[in-house]
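# The following comprises the amino acid sequence and a computationally predicted model.
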Amino acid sequence: MESVASVASTRQELPRAETASIVNAVDPVSITGVGFTRTLTDKGGAYELPEAQRAYICLLEDFRLFVSNSHRVEPSVLSFLARLDHDGVRYKTIPVSVNDIRALYQRASLDTVMTAANLSAMQGRVMRLLKDAVAENASDVHIVVREDDCTIRMRVDGDLTDVSFRSNPTAVEGTALQRTIYQSMCDLADSTFRPHRMQDARLAKTFVGELGLYGARVATRPTDAGLLMVLRLLYDRTASKPTLDSIGLLPVQVKLVRRMKGSRTGISILSGPTGAGKSTTLECVLTEVVKDTGGRKNVITVENPVEYAIQGTIQTPIMADGDDPEAVSLAWVRSISNVLRLDPDVLMIGEMRDAHSAKAAFHAAMTGHSVWTTLHANDAFSILERLAEMGIPPSLMFDPTLVVGLVNQGLVKKLCPYCSVPLTPRLIRTLPEDLVDRISETCNDSVIRLRGAGCPRCKQKGIKGRAMVSECIVPTQTLMSVFKNEGKIAARQMWVRQLNGITKNAALLDLVRAGSVDPRDAEEDICLLDEDATVMES
């Protein structure tokens with residue numbers, strides 16, 4: 001067997017141009033440009049160094065020697081150079097930062113893990129994780145890799161919970177999981193996993209089908225100390241399609257949404273935080289449009305990406321030239337403009353994300369189409385404030401023949417009916433004093449119940465699913481005029497007092513008073529119990 005020195009003596013010194021590109025490729029997150037990662041100074045290597053020295057010296061197998069800028073004249077570095085010289089090793093010294101040194105060793109460890117544990121085994125570990133998430137009906141799975149560790153969490157009923165393991169994954173194992181998911185289990189993805197960049201992808205149908213899902217979106221974003229990967233799980237609802245009557249809207253609100261649906265032209269806007277069920281409501285609306293018209297209407301969607309299959313519609317993804325915000329914004333506008341040339345009757349735009357897409361959506365509504373879309377706002381009237389921020393002219397924004405519907409919704413955790421407990425005088429003393437005051441002011445002698453200790457029927461969580469709370473407004477000219485001239489609070493007061501509007505707060509209080517929702521969850525998930533009382537003060 002050849003010695004290290006004899007192998008080294010046959011190597012040619014690297015050209016300066018190549019060395020420069022290598023230095024540029026080294027960063028604290030990913031050493032994608034190095035081309036190989038086995039190190040001779042790591043544990044078990046031909047030039048193994050003590051751990052303290054590995055913090056600032058790294059010799060790769062092609063004899064590129066990376067040395068920390070701040071340690072180049074350290075005695076230990078000079079001694080190591082002398083050792084290489086003595087062995088006749090022809091090496092190339094490349095000055096870098098200590099973060100670069102750390103990244104090189106991490107990459108080497110990662111490649112070792114990926115090689116030692118074959119790909120199918122890594123995929124198996126991912127599938128076991130996702131099957132556990134599906135069993136819990138989780139909406140998202142988070143894989144957070146930091147410098148020294150990895151945390152995996154899943155979102156169940158709106159809350160993030162840690163996934164427990166016999167031994168927690170190391171940072172290297174976590175990165176291996178992320179790389180396995182992105183590079184070997186996804187389609188609609190870049191060809192290479194790049195931990196130092198934001199990337200979006202979609203879990204391939206092969207794996208989705210095995211999990212019993214309709215789909216799974218994958219998104220990554222670098223952090224100050226590693227990478228966050230989130231998988232959004234989309235469940236197959238073929239056997240139990242949701243309807244407007246079943247998703248949690250009050251009967252009067254269902255009538256209002258169907259009135260919006262009946263408008264041949266105009267724009268209806270749904271709002272609420274991420275995970276508030278907006279996509280589900282849109283799915284129900286479009287499904288009813290197709291059913292009511294017997295397929296005589298051309299219903300087209302523009303989504304990023306397409307989420308749930310809506311039978312009888314034509315669903316289209318946006319086609320962006322890149323994954324940066326500007327490219328995605330332009331893709332929305334191009335897609336909306338293109339769809340308008342495809343003879344639509346009803347158009348669903350997945351999101352009004354900025355001024356450009358908002359103006360494109362309004363243009364579609366002004367040119368003879370029924371448009372449904374979403375944006376983020378705290379309540380239904382705040383949608384109008386967001387439109388003003390996006391530059392929609394008042395003449396359009398306050399036209400009730402153009403803006404035909406405003407909806408805001410959220411989801412609140414429901415108590416398990418088998419283990420929830422009544423609010424007794426003893427338990428009242430365990431609640432914050434200000435919450436007790438709000439319960440007293442808003443709930444009178446209602447049957448208030450709290451989350452219990454958990455039972456087998458709720459998997460020891462005390463929670464059994466979530467309920468939707470919404471507010472739905474069909475604007476009138478008078479209501480729009482009040483908003484325009486007197487502001488949001490005056491319009492909200494008129495809507496409640498004169499038009500019998502039902503706020504999210506009112507819908508939430510009905511659930512709390514019925515003992516279906518813990519008042520603590522109500523305030524955490526939706527709003528303070530006395531929000532209406534505060535807003536309605538005149």
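Right, received. Where do you want to start?
# and Leu384, which of the three is it?
Following DSSP: H, G, I helix; E, B strand; the rest coil, we place Leu384 in the helix state.
# from what I can see it touches Gly487, true?
No - applying C-beta atoms under 8 Å, one finds Leu384 not in contact with Gly487, separated by 10.4 Å. All C-beta atoms are positioned from the backbone trio N, CA, C, and that covers glycine.
# Tell me which of those two has more neighbours.
Between Leu384 and Gly487, counting by other C-beta atoms under 10 Å, Leu384 is the more crowded of the two (24 against 12).
# residues contacting the more buried one?
By C-beta atoms under 8 Å, 6 or more residues apart in numbering, Leu384 lies in contact with 397-398, 403, 406, 483, 488.
# export the residues you listed to TSV and tack on secondary structure and pLDDT?
Compiled in TSV, the contacts of Leu384 are given as follows (DSSP: H, G, I helix; E, B strand; the rest coil; pLDDT from 0 to 100):
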residue	secondary structure	pLDDT
Met397	helix	95
Phe398	coil	96
Val403	strand	97
Leu406	strand	98
Phe483	helix	97
Lys488	helix	95
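# Weed out the non-buried ones from those residues.
397-398, 403, 406, 483 (16 or more other C-beta atoms under 10 Å).
# Show me the two of these that sit farthest apart.
Phe398 and Leu406 (11.9 Å; C-beta to C-beta).
# could you pull out the strands for the stretch 301-450 of the chain?
Assigned by DSSP state E, counting those that start in this stretch, the stretch 301-450 of the chain shows strands spanning 314-317, 346-349, 370-375, 403-415, 421-422, 449-450.
# Distance to Gly215 added to those strands, as TSV?
Compiled in TSV, those are given as follows (distance: least, C-beta to C-beta, whole Å):
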stretch	distance to Gly215
strand 314-317	12
strand 346-349	17
strand 370-375	18
strand 403-415	20
strand 421-422	39
strand 449-450	37
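# so where is the stretch 301-450 of the chain shaky, pLDDT-wise?
Applying pLDDT under 70 to the stretch 301-450 of the chain flags residues 322-323.
# do the same with the chain
1-37, 110-118, 165-167, 189, 191, 239, 322-323, 538.
# which residue of it sits farthest from its center?
Distance to the chain centre peaks in the chain at His86, reaching 55.3 Å (criterion: C-alpha atoms, centre = their mean).
# Look up how far Phe66 lies from that residue.
Relative to Phe66, His86 is positioned 20 Å away (C-beta to C-beta, to the nearest Å).
# Over to Ile439?
Taking C-beta to C-beta, one finds Ile439 at 63 Å from Phe66.
# Same drill for the two, tell me which one is more crowded.
Using other C-beta under 10 Å, the more surrounded residue of Ile439 and Phe66 is Phe66, with 27 against 22.
# The more buried one touches Arg72, doesn't it?
No - checked against C-beta under 8 Å, the pair Phe66 and Arg72 is beyond contact range at 11.1 Å.
# can you list contacts of stretch 358-370?
261, 263-268, 332-333, 336-337, 339-340, 344-347, 349, 352, 371, 373, 375, 387, 390-392, 396, 402.
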